[in-house]
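Undergrad: Any chance you can model this:
(one chain, ligands or ions: 1)
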Amino acid sequence: MNKRPRILILGGTGEAISLTTEAATRFDIVYSLAGRTINPALPEGVTVRSGGFGGPDALAAWINQNHIAAVIDATHPFADRIAAHAVQACADAEVPRLKLLRTAWEQTAGDAWHRVADIAAAASLLPTLGTRAFLSVGRQELGAFSDVAGVALVIRSIDPPDATDRLKGAVYIAGRGPFTTAQESALLREHDIDVLVSKNAGGAATYPKIAAARAAGIPVIMIDRPPPQPSPIVSDVTAAVAWLDRLGG
Ligand code: NAP
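TA: Next up is the predicted model:
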């Protein structure tokens, strides 16, 4: 019989996969995805489930039914709905929850950042800063840019947006990080980009576009993160594994 504590890891990020891989030697891991990416990166040798739970009450019920001992929310810093649901569900189900939240990027010398609160504010500001924009904000919220006039858009996402969500006249590029600064610099040059729009995702995998914009003297519209979830929060995989080991011990 499998006596290892069963842990739910809410995933969809590189560090969620690293955490799962490290923790799987001592814990029975269920790795959960929203199910939006066609061919997602997956950890090996663990149970993978895909698709929403149906809200916080359903998540709490799922946690109980599946005898989950603890939950680590290792979702993207901008995935604030599932993060809030995890907080509520874990409180209701009375299981410990940890947020693994990578550190946000900081502006450094040579950067020309214009910080905005959300994607709508990014779209409003865009025409004042350039005429050829590189959008690296995922594909879920592209509609915010549908009324932007006078700016050519080059949009990169892992999977292409559905035909109905495509913005007229935009150029679409498929790509999954990590990218190098050389690759990102070449992309900015190739498309003659004069402004970059990015979420403040943090982490190394997608930072090279920020470094490339700095090197090229291109302004960046940096979308701030939604407010963080309550403690406990750790910023790296090692600390998350230590939290699990304390629980397991
Ligand atoms: P979100 O807005 O916070 O969540 C929307 C709904 O999707 C949630 O209410 C939940 O449905 C479901 N969901 C989200 N993550 C899930 C998970 N790991 N397992 C099961 N259900 C999940 O999420 P999002 O921003 O769309 O992100 C979706 C996924 O993409 C996450 O796994 C995230 O880590 C990843 N991702 C997001 C971004 C980004 O910029 N937002 C970037 C890279 C990767 P129910 O309410 O039905 O449970």
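Undergrad: Report the contact partners of the residue nearest to the spatial centre of the chain.
TA: Of all residues in the chain, the one closest to the mean position by CA atoms, centre = their mean is residue 76, 2.9 Å from it. Listed by CB atoms under 8 Å, 6 or more residues apart in numbering, the contact partners of residue 76 are 12, 13, 201. Placement of C-beta: from N, CA and C, glycine included.
Undergrad: Reformat those as TSV; add distance to the ligand and pLDDT.
TA: Shown next, in TSV, are these (distance: CB to the nearest ligand atom, whole Å; pLDDT from 0 to 100):
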residue	distance to the ligand	pLDDT
12	2	96
13	5	96
201	7	96
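Undergrad: Using PyMOL, define a selection of the buried residues within those.
TA: To isolate the buried members of those in PyMOL, using 16 or more other CB atoms under 10 Å:
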select buried, resi 12+13+201
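Undergrad: and the chain, which of its residues are near the ligand?
TA: 10-13, 32-34, 36, 52-55, 59, 75-76, 78-82, 85, 138, 140, 199 (CB under 6 Å from any ligand atom).
Undergrad: Out of these, which end up buried?
TA: In the residues of the chain next to the ligand, the ones that pass as buried (16+ other CB under 10 Å) are 10-13, 32-34, 53, 59, 75-76, 78-79, 82, 85, 138, 199.
Undergrad: Give me the subset of these lying in strands.
TA: The members of those that map onto strands under DSSP state E are 10, 32, 33, 199.
Undergrad: Most widely separated two among these?
TA: 32 and 199 (21.6 Å; CB to CB).
Undergrad: Low-confidence regions, this structure specifically.
TA: 1-2, 249 (pLDDT under 70).
Undergrad: just checking, what's the longest helix in it?
TA: Scanning the chain for the helix with the most residues, using DSSP state H, yields helix 80-93.
Undergrad: And that helix, how far out from the chain middle?
TA: A distance of 17 Å separates the centroid of the chain from that of helix 80-93, by CA atoms, centre = their mean, to the nearest Å.
Undergrad: quick revisit: which among the contacts of residue 76 gets closest to residue 105?
TA: Scanning those for proximity to residue 105, where the rule is CB to CB, the winner is residue 201, at 7.7 Å.
Undergrad: Please, which helix or strand holds residue 240?
TA: Here residue 240 sits within helix 237-248, counting by DSSP states H and E.
Undergrad: now do residue 182
TA: Residue 182 is part of helix 181-190 when elements are defined by DSSP H and E.
Undergrad: tell me how far that helix is from the chain's mean position?
TA: On CA atoms, centre = their mean, the centre of helix 181-190 falls 22 Å from the chain's centre.
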